[in-house]
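>>> Show me how the following folds:
(2 chains)
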2 protein chains.
Amino acid sequence: MTYCVAMRLDAGLVFLSDSRTNAGVDAVATARKMTVFEEPGDRVMVLMTAGNLAISQAVRQILVEGRDEARSLWKARDMFEAATLVGDAVRQVHKRDAHALREAGIEFNVSMIFGGQVRGERARLFQLYAAGNFVEAMPENCYFQIGEAKYGKPIVDRVVQPSMPLGEAAKCALISMDSTLKSNISVGLPLDLLVYEADALRVTRFVNIDEKNAYFRMIRDTWGQRLRQVFGEISDPQWDASLPAEFPLARQGEADRWGQPVRARRRRPGTPA
Amino acid sequence: MTYCVAMRLDAGLVFLSDSRTNAGVDAVATARKMTVFEEPGDRVMVLMTAGNLAISQAVRQILVEGRDEARSLWKARDMFEAATLVGDAVRQVHKRDAHALREAGIEFNVSMIFGGQVRGERARLFQLYAAGNFVEAMPENCYFQIGEAKYGKPIVDRVVQPSMPLGEAAKCALISMDSTLKSNISVGLPLDLLVYEADALRVTRFVNIDEKNAYFRMIRDTWGQRLRQVFGEISDPQWDASLPAEFPLARQGEADRWGQPVRARRRRPGTPA
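Here you go, the predicted model:
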């Protein structure tokens, strides 16, 4: 499986992907899921993929090979046109492979995050679906996740907002990834992290993170430890019936106000049913 | 949708369920997902269900009505036999409904957590599948989740262990639920929380939690706030290339050790491809 997350902030874009790929527990491998298209001073585009690896790689191949074509990521006027080209590549692969996949009982399953900046326009971020259509990140919903997204969603929901500095956003992405790694073995190191500063129009901050990376090791140790510390500092519920009003949890009797769950008792002789 | 979590600890059992049920965004309702079977001094059993509500309710009906049958939850010798009876009820509903559901293009989708204690035996916890088969919680894997389980899994993975006191475990279950509520609107209040003390053989701690519950309000406020505080206290990654060894993130150049992602540049005249 895969986990990728990207954020569109006022200060730029953050992209983070894992590298675990598997087709059954005995076929676990590492594959890069991040592709960077760069023309320094003119454009930077980043593509991250999840789903069927063969489809993802076929789409990437089309986009990378297309550099001399009449329509390509390097010639797109803006990010919207570029996203359309990515969608077209998905549809091209669909046209070629979907029938054979269906014959084999395999779903045409791919999802992508695509973002970047073309000179003259602001940085933009899109999520693409298997049909080649896409949506764009907005200030109200400034991040996208693909793959095993649920484990790492709560922390992103709690802290990310467009005004966040890039460093904090990168930290948030890494914590979100850490939660996912902790709870799902199908997502694995190394990670690719790319932080794009708005208007830089070149890649200045990219790092591949493995077990030896000191910062990510600090995140892994500190976050789990501080989480347990905060957990310990929050008081446990009190059930002592002798305490009056300040009851942290409503007493059992009070629950009747909202209705008890079905509570079935064995009927005894002489007891009303 | 649904989120239910239960834990088997040395000190007893904790059960927590939400109450949101929906069949499309215009059909959102509240339904209890926890059923308690109690014969004080002899046995306490708790069933929580996720999946198709009609199937869940049919299973519950069979189990509740079965109290005067030759084989019933009230007569089961132990929790294993009781879990078998729950599985049998699932199979009975499957036999009656699965064909009609398949005709309608609906999957026979149900999952359950079932636990409790019968006098003379320790407290036990099971997870049941749609086929009526089941697995039991073990010290190495002492909790089960059904429904929208992924959002709330990281915190449980980090803190729960069999030696944990019941109050702490209840707190953990509520925090796990809070993360789920925050990230998924298909899970909703009120909640049912039942904490069973080993060998009590009766229900002493049950509460229905809604928006007004002071303890859960405290959890919701405090957890999110402390999470953001801890997040703020962890240092951001530093990319300053002038810093030497203590680099939190490997420098871009160093990434080459582990291989760069595909980085495609436009070919320029005279530049090697």
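
>>> from here on, contacts and neighbour counts on C-alpha atoms
OK.

>>> State the distance from residue A:89 to chain B.
16 Å (CA to the nearest CA, to the nearest Å).

>>> That residue: neighbour count?
By other CA atoms under 10 Å in any protein chain shown, 20 other residues sit near residue A:89.

>>> quick one: secondary structure of residue A:217?
helix (DSSP: H, G, I helix; E, B strand; the rest coil).

>>> How about it: what's its closest non-neighbour residue?
Distances taken as CA to CA, 6 or more residues apart in numbering or on different chains put residue A:211 closest to residue A:217, at 7.1 Å, once the chain neighbours are dropped.

>>> With residue A:51 instead?
Spatial nearest neighbour of residue A:51, excluding adjacent residues (CA to CA, 6+ apart): residue A:110 at 4.3 Å.

>>> tally of neighbours for the one you found?
Residues within reach of residue A:110, counting by other CA under 10 Å, total 22.

>>> for residue A:141, same thing?
Using other CA under 10 Å: residue A:141 sits among 14 other residues.

>>> Quick one: name whatever helix or strand follows the helix or strand where residue A:80 lies.
Applying DSSP states H and E as the criterion places residue A:80 in helix A:79-103. Per DSSP H and E, the first helix or strand lying C-terminal to helix A:79-103 is strand A:110-118.

>>> what's the next secondary structure element after that following strand?
Per DSSP H and E, strand A:110-118 leads on to strand A:124-128 as the next helix or strand towards the C-terminus.

>>> ok so, going back, can you verify my assumption that the residue nearest to residue A:217 contacts residue A:219?
No - in this structure residue A:211 lies outside contact range of residue A:219 using CA atoms under 8 Å: 11.7 Å.

>>> Which one's more surrounded, the two?
A count of neighbours by other CA under 10 Å puts residue A:219 above the other of residue A:211 and residue A:219, at 21 against 10.

>>> Low-confidence stretches in the stretch 101-250 of chain A?
Counting by pLDDT under 70, the ranges of the stretch 101-250 of chain A that qualify are A:240-250.

>>> what are the ranges of the helices in it?
A:153-159, A:166-183, A:214-233 (DSSP state H, counting those that start in this stretch).

>>> Need the nearest residue in space to residue A:74, chain neighbours excluded.
Nearest to residue A:74 is residue A:67, by CA to CA, 6+ apart, at 6.4 Å.

>>> Helix, strand, or coil at that neighbour?
Put simply, residue A:67 is helix when judged by three-state DSSP.

>>> my read: it touches residue A:85, true?
No - judged on CA under 8 Å, residue A:67 makes no contact with residue A:85 at a distance of 11.8 Å.

>>> shared neighbours, those two?
Common contacts of residue A:67 and residue A:85, defined by CA atoms under 8 Å, 6 or more residues apart in numbering or on different chains, comprise residue A:73.

>>> so what's residue A:63 up against?
Going by CA under 8 Å, 6+ apart, residue A:63 touches A:72-73, A:86, A:89.

>>> Export those residues as CSV, with columns for pLDDT.
Shown next, in CSV, are the contacts of residue A:63 (pLDDT from 0 to 100):
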residue, pLDDT
A:72, 91
A:73, 93
A:86, 97
A:89, 96
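
>>> if we can go back for a sec, which ones are touching the residue nearest to residue A:217?
Shown in contact with residue A:211 (CA under 8 Å, 6+ apart): A:189-190, A:217.

>>> Now for those, which sits with the most neighbours around it?
That'd be residue A:190 among the contacts of residue A:211, by other CA under 10 Å, with 20 neighbours.

>>> With chain B as the reference, measure out to it.
For residue A:190, the distance to chain B equals 9 Å [CA to the nearest CA].

>>> need the contact list for that residue.
Taking CA under 8 Å, 6+ apart, one finds A:18-19, A:208-211 in contact with residue A:190.

>>> What subset of these is buried?
A:18-19, A:208-210 (16 or more other CA atoms under 10 Å in any protein chain shown).

>>> circling back to that earlier point, for the contacts of residue A:211, which one is nearest residue A:174?
The closest of those to residue A:174 turns out to be residue A:217 (CA to CA; 10.5 Å).

>>> Could you dump the contacts of residue A:190 into CSV and include distance to residue A:46?
Shown next, in CSV, are these (distance: CA to CA, whole Å):
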residue, distance to residue A:46
A:18, 14
A:19, 16
A:208, 15
A:209, 17
A:210, 20
A:211, 24
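
>>> so which of these would you say is closest to chain B?
residue A:208 (5.4 Å; CA to the nearest CA).

>>> From what I see, that closest one and residue A:215 are in contact.
No - with contact defined as CA under 8 Å, residue A:208 does not count as touching residue A:215 (11.8 Å).

>>> re earlier: between strand A:110-118 and the helix holding residue A:80, find me the angle.
Counting by axes from the mean of the first three to the mean of the last three CA atoms, to 10 degrees, helix A:79-103 lies at 160 degrees to strand A:110-118.

>>> and helix A:79-103, what other elements does it pack with?
For helix A:79-103, the elements it packs on are helix A:53-65, strand A:110-118, strand A:124-128, judged by 3 or more CA pairs under 8 Å, 6 or more residues apart in numbering or on different chains; DSSP states H and E.

>>> and of those, who's closest to residue B:156?
Across the helices and strands packed on helix A:79-103, residue B:156 has its closest neighbour in strand A:110-118 (28.8 Å, CA to CA).

>>> related to what we said a few turns ago, show me which positions of the helix holding residue A:80 end up buried.
Residues of helix A:79-103 classed as buried: A:79-80, A:82-94, A:98 (neighbour count, 16+ other CA under 10 Å).

>>> okay, the buried ones among the contacts of residue A:190 in JSON lines with distance to chain B next?
Listed next are the buried ones among the contacts of residue A:190 as JSON lines, based on distance: CA to the nearest CA, whole Å:
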{"residue": "A:18", "distance to chain B": "12"}
{"residue": "A:19", "distance to chain B": "11"}
{"residue": "A:208", "distance to chain B": "5"}
{"residue": "A:209", "distance to chain B": "8"}
{"residue": "A:210", "distance to chain B": "8"}
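
>>> List just the nearest of those residues to residue B:233.
Lowest distance from residue B:233 to the buried ones among the contacts of residue A:190 (CA to CA) belongs to residue A:209, with 21.7 Å.

>>> That closest one contacts residue A:189, correct?
Yes - with contact defined as CA under 8 Å, residue A:209 reaches residue A:189; the gap is 7.3 Å.

>>> State the pLDDT value of residue A:88.
At residue A:88, the pLDDT value in this model is 96.

>>> Correct me if wrong: it contacts residue A:131.
No - under the criterion of CA under 8 Å, residue A:88 makes no contact with residue A:131, lying 9.3 Å away.

>>> What pairs with the host helix or strand of residue A:37, parallel or antiparallel?
For residue A:37, the element it lies in under DSSP H and E is strand A:34-39. Under the criterion DSSP bridges, strand A:34-39 sits next to strand A:43-51 (antiparallel), strand B:262-265 (parallel) in its sheet.

>>> can you list contacts of the helix holding residue A:80?
Outside helix A:79-103, the residues that touch it by CA under 8 Å, 6+ apart are A:55, A:58-59, A:62-63, A:71-73, A:76, A:107-108, A:114-118, A:124, A:126, A:128, A:130-134.
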